[in-house]
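Colleague: the following comprises the amino acid sequence and a computationally predicted model.
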Amino acid sequence: LTIRDTDLITEILVPDLEPFVPGVLKGEFDSEENRLDVELDISKIKYATTSFDSISFRVESDDEELSYRLRLKNVLLDTLTIDAIQFTGRVENDSIYSALQILNSKNENKYVLGGVFRSQEDNFRFRFLKDQVMLNYSEWAVADDNYLEFSKYGLVAHNFSISKDPERIALVTTVKDSTLALEFQQVQLSNLTRIVRGVMPASGMLDGNLKFTSSSSGRFSSELKISELEILEKPFGDLTLGLSHAGDRYTIDMALTNQGSNLTAKGYYVSNPTTSSFDLSANFDPLNLQAIEPLSFGQLQKVEGRAT
């Protein structure tokens, strides 16, 4: 089956989707052998500021299992490029084995998050598999008894973490108040930001946590510190950031220090149906203007001077 006309999709159903070269859908089913083979290929897709050079999707099945693979090549997210994203897996019995992979231009694994979903009596669990977690070409360890449980009572994380000494990323849950916390311990930021091709967006050592509730209140708070932060490979300093939300009030508390700057900023934003208010105060003593250069993404160059 060849898709020839995409006007209905691009002009009516998804207006932000630009016209694209239609792809080919191929399929085969053998009822005697219970074998299914479906393949879809589409090239050059662009939606708003996101684009792909090609998308391929394949499903195969037999009497014992069903396997699938979705692959996106040369993914462009605004100005950031990822060589390839691949989602693979197989379904057999009561389990779904799956893996999210980020590949480089040579089709080598750069990032891998692989695990298995298993159905139980009244819930299901996901757990990371050993040798199936990789960040920035390096394997990370997982606990043998790690799992993330989904049930009618909420989300429960048990030893759900990945680590590569001394770095550690963990998801911690508290059922009593429906709190989820994503914790970072001495994590090299480059192990997260190397996902894109070219100049590294940010680096430094990340510590702290992001806490939020799954209840209807929508509360969240975060306390993060990035030591020796670099943006686009340019020194930025030591950054601490506190964010919180409770009710209709959002607060921020930030500090940036380096050899030439000492910047602090505190404030809040309150929003409700009748009125809104915003208050932010910043103090710098002094501020090295070179610190704002990385934030301009190339629009400002050779910035010099200090603000006091």
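Modeller: Sure, I can see it. Keep in mind the model is a prediction, meaning the values are calculated, not measured. Numbering: from 1, shown residues only.
Colleague: where does the prediction get shaky in the stretch 201-308 of the chain?
Modeller: 214-217, 288-301, 303-308 (pLDDT under 70).
Colleague: where do the strands sit along it?
Modeller: Secondary structure of the stretch 201-308 of the chain, counting by DSSP state E, counting those that start in this stretch: strands at 202-213, 220-231, 234-246, 249-258, 261-271, 276-284, 287-288, 306-307.
Colleague: what residues sit buried inside the longest one?
Modeller: Within strand 234-246, the residues that count as buried by 16 or more other C-beta atoms under 10 Å are 235-237, 239-242, 244-245. To be clear about C-beta, it is placed using only N, CA and C from the backbone, and glycine gets the same treatment.
Colleague: picking up where we left off before, tell me which of the strands of the stretch 201-308 of the chain is the most buried.
Modeller: strand 287-288 (a mean of 21; mean count of other C-beta atoms under 10 Å).
Colleague: contacting residues for Ala157?
Modeller: For Ala157, the contact set (C-beta atoms under 8 Å, 6 or more residues apart in numbering) comprises 147-149, 170-173, 180.
Colleague: hmm, who's touching the helix ranked longest in the chain?
Modeller: Secondary structure of the chain per DSSP state H: the longest helix is helix 190-193. With contacts defined as C-beta under 8 Å, 6+ apart, helix 190-193 is touched by 135-136, 138, 167, 200-203, 206.
Colleague: buried sites along it?
Modeller: 190-193.
Colleague: quick check, nearest of these to Val75?
Modeller: Thr193 (15.3 Å; C-beta to C-beta).
Colleague: buried residues of stretch 173-193, list them for me.
Modeller: 173, 178-181, 183-185, 187-193.
Colleague: ditto for stretch 146-166
Modeller: 146-149, 156-157, 160-164.
Colleague: mind checking which of the residues you listed are in strands?
Modeller: 147-149, 156-157, 161-164 (DSSP state E).
Colleague: below-threshold pLDDT in the stretch 1-150 of the chain: ranges please.
Modeller: Applying pLDDT under 70 to the stretch 1-150 of the chain flags the ranges 1-16, 18-22.
Colleague: in it, which spans are helices?
Modeller: Using DSSP state H, counting those that start in this stretch, the helices found in the stretch 1-150 of the chain span residues 7.
Colleague: before we move on, the earlier item: so can I have TSV of the strands of the stretch 201-308 of the chain showing distance to Glu28?
Modeller: Shown next, in TSV, are those (distance: least, C-beta to C-beta, whole Å):
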stretch	distance to Glu28
strand 202-213	46
strand 220-231	49
strand 234-246	52
strand 249-258	55
strand 261-271	55
strand 276-284	59
strand 287-288	64
strand 306-307	68
